[in-house]
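Enquirer: sharing a sequence plus its predicted fold:
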Amino acid sequence: MGLFVALLRVMTARLGWATPSPPRCARHLSPALPGRGSRVCDWPFARPREAGERWPAQRDGEGAFWTLSKRAAFAALATILLATSVTPTAAAKIDDQFQAWLTGDLWPEASRQGISRKIFDAAFAGVGINLDLPDLVMPGQKPKTPKKQHQAEFGSPGSYFSKIGGVTSGGRTRFNANAATLRELEKRFGVPGEIAVAIWGRESGFGTAKIPHDAFQVMATKAFLATRKEMFRKEVLAALQMLEQGRVARPAFKSSWAGALGQPQFMPTSFLAHAIDFDGDGSADIWKSTSDTLGSIANYLAHFGWQKGRDWGFEVTVPQTVSCALEGPDQGKKIADWTKLGVARVGGKLFPAHELRSEGFLLMPAGRSGPSFIVTPNFYVLKAYNESDLYALFIGHAADRIAHGDKPFAGAWGAVGGLYRSDVASLQRGLEKQGFDVGGADGLPGFKTRRSIGAWQEKNGQAATCFPDSGLVKALR
């Protein structure tokens, strides 16, 4: 069905129609067999115009015949796609396998971990498989690198920062409103209040974001069908522990499409390890308590090694004499040594004296086509919250803007990042064949891929850009 929706949207965009909204789906449940039954979707072929929305302008000479032709083409496309999508029989068969897996595989392990049958049944009452989630592998199929990238953290570097203003403006308001809590938080954990607030804003819009999915359905579906089954198996078992311990009521188990919970978007294992009662009411409530949310975020960062008194990083200029292939947390130098190579803070600022004696790392998230940074170990603590350079950079930059004013990066983002994820994976496989360590051919251009590109370019007499492009994809195919 996900493919059906995507192709419908492509077709409507090409023909100038309004893009269909996602289908409204419901599962008709059998009282005797909770979670089983047929899945019915209300496809919005005739979506009403929303307030303020404008229809695409008609082409010159476009009249009733063209409109009818569109409708005929749409109907033909719908017929073809429905014929090639997952049939109700096939979906029901997968759901039967899912229910059998819950009973015969997940329940025995949950029982061994001390989960009662009452809690297990309450968790999965009425829960069927969700085939609309991304990164699923159907029974009998092999995992494939997706053509497109669903997660914004691994998309175009520049566009990732386009909406940072909402986090920074809302962050300043929340920073002032929670000043006493944030002072206590920094005193206890060493984490600056603006860092915790930036994460809060990025993860859930300061608690205002709608988090619509049933967490047990998401995590169980992914534990059964996802490419990272073992990870999600641990998470769904941890969620059952939360329910067994009375940490949260079953109706509150709403999550993102990846299974993350509450205002700080903790996975269940992170909740069990890091959620704390910071307001003193006897419970760690990351759903409704601002103090518990901020305290839990700071506790998480402290656990992963936040170094009190150090910044997260500094925007810098990197001369051409310094290779972009020097990027990465395993190629650190004292910041004083980076300055000797010609690396300098933007705007003529000096590095703080206490930072010069400490280790820093080169970060170039768009290679030579974007801003550059010298980051500290605290940057990689932020990255432990979400395994993405752009995410950690967003948090550090947003925190700076919350504390010191809305100043954008000095360096401009180039027009990079437009490749399909499958194209990047192809490039990575080409580099691997030549002996480069790209960190795995997953289609995500992390620092190992970026610096490997730079090293390959230098080896082949090219100017190092350290970022994938279509020419490199062809050259390394």
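Expert: Cool, the structure landed. Numbering: from 1, shown residues only.

Enquirer: could you use CA atoms for every contact and neighbour count after this?
Expert: Will do.

Enquirer: span of stretch 362-377 from start to end?
Expert: 11 Å (C-alpha to C-alpha, to the nearest Å).

Enquirer: so how far is that stretch from its chain's centroid?
Expert: In terms of C-alpha atoms, centre = their mean, to the nearest Å, the centre of stretch 362-377 is found 20 Å from the chain centre.

Enquirer: what ranges do the strands span in the stretch 351-477 of the chain?
Expert: Counting by DSSP state E, counting those that start in this stretch, the stretch 351-477 of the chain has strands at residues 359-363, 372-375.

Enquirer: could you export those strands as TSV, including distance to Ala455?
Expert: Below are the strands of the stretch 351-477 of the chain laid out as TSV (distance: least, C-alpha to C-alpha, whole Å):
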stretch	distance to Ala455
strand 359-363	15
strand 372-375	18
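
Enquirer: secondary structure class of Gly140, three-state.
Expert: Following DSSP: H, G, I helix; E, B strand; the rest coil, Gly140 is assigned to coil.

Enquirer: same check, this time on Pro108
Expert: Reduced to three states with three-state DSSP, the structure at Pro108 is helix.

Enquirer: look at it and report its pLDDT.
Expert: You'll see Pro108 listed with a pLDDT of 98.

Enquirer: and it, how many neighbours does it have?
Expert: Residues near Pro108, counting by other C-alpha atoms under 10 Å, number 13.

Enquirer: leaving out sequence neighbours, find the closest residue to Gln331.
Expert: Spatial nearest neighbour of Gln331, chain neighbours left out: Phe361 (6.7 Å); criterion: C-alpha to C-alpha, 6 or more residues apart in numbering.

Enquirer: could you check how far that neighbour is from Thr339?
Expert: Counting by C-alpha to C-alpha, the gap from Phe361 to Thr339 is 12 Å.

Enquirer: any weak-confidence spans in the stretch 1-150 of the chain?
Expert: 1-87, 144-150 (pLDDT under 70).

Enquirer: re the thing from before, of Phe361 and Thr339, which one has the most company?
Expert: Comparing Phe361 with Thr339 by other C-alpha under 10 Å, the one with more neighbours is Phe361, at 23 against 15.

Enquirer: dig out what that one forms beta bridges with.
Expert: On the basis of DSSP bridges, Phe361 is bridged to Val375.

Enquirer: who's in contact with it?
Expert: With contacts defined as C-alpha atoms under 8 Å, 6 or more residues apart in numbering, Phe361 is in contact with 327-329, 331-333, 374-376.

Enquirer: try 6 Å this time
Expert: Going by C-alpha atoms under 6 Å, 6 or more residues apart in numbering, Phe361 touches 329, 332, 374-375.

Enquirer: okay, these in a markdown table with neighbour count and pLDDT next?
Expert: What follows is those, written out as a markdown table (neighbours: other C-alpha atoms under 10 Å; pLDDT from 0 to 100):
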| residue | neighbour count | pLDDT |
| --- | --- | --- |
| Pro329 | 19 | 98 |
| Gly332 | 20 | 98 |
| Ile374 | 26 | 98 |
| Val375 | 25 | 98 |
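
Enquirer: nearest to Ala179 among those residues?
Expert: Taking C-alpha to C-alpha as the measure, Ala179 sits nearest to Val375 out of those, at 26.8 Å.

Enquirer: surely that closest one meets Ser358?
Expert: No. If you go by C-alpha atoms under 6 Å, Val375 and Ser358 don't touch, sitting 10.8 Å apart.

Enquirer: what's the nearest residue to Trp101 if we skip its chain neighbours?
Expert: Phe224 (7.6 Å).

Enquirer: just the CA atoms of the host helix or strand of the one you found, as PDB, please.
Expert: Secondary structure from DSSP states H and E places Phe224 in helix 215-225. What follows is helix 215-225, C-alpha atoms only, in PDB (Å, rounded to 0.1, in the frame of the first residue of the first chain):
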ATOM      1  CA  ALA A 215       3.700   1.800  20.200                       C
ATOM      2  CA  PHE A 216       3.200  -1.900  20.600                       C
ATOM      3  CA  GLN A 217       1.900  -2.300  17.100                       C
ATOM      4  CA  VAL A 218       4.900  -0.400  15.700                       C
ATOM      5  CA  MET A 219       7.600  -2.200  17.700                       C
ATOM      6  CA  ALA A 220       6.100  -5.600  17.300                       C
ATOM      7  CA  THR A 221       5.600  -5.100  13.600                       C
ATOM      8  CA  LYS A 222       9.300  -4.100  13.300                       C
ATOM      9  CA  ALA A 223      10.500  -6.900  15.500                       C
ATOM     10  CA  PHE A 224       8.600  -9.300  13.200                       C
ATOM     11  CA  LEU A 225       9.500  -7.800   9.800                       C
END
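
Enquirer: so which elements touch that helix?
Expert: Helix 215-225 sits against helix 229-244, with contacts defined as 3 or more C-alpha pairs under 6 Å, 6 or more residues apart in numbering; DSSP states H and E.

Enquirer: quick check: phi and psi on Ser289?
Expert: When quoted as degrees, to the nearest 10, the phi and psi of Ser289 stand at phi -100, psi 120.

Enquirer: what about it, neighbour count?
Expert: By other C-alpha under 10 Å, neighbour count at Ser289 equals 19.
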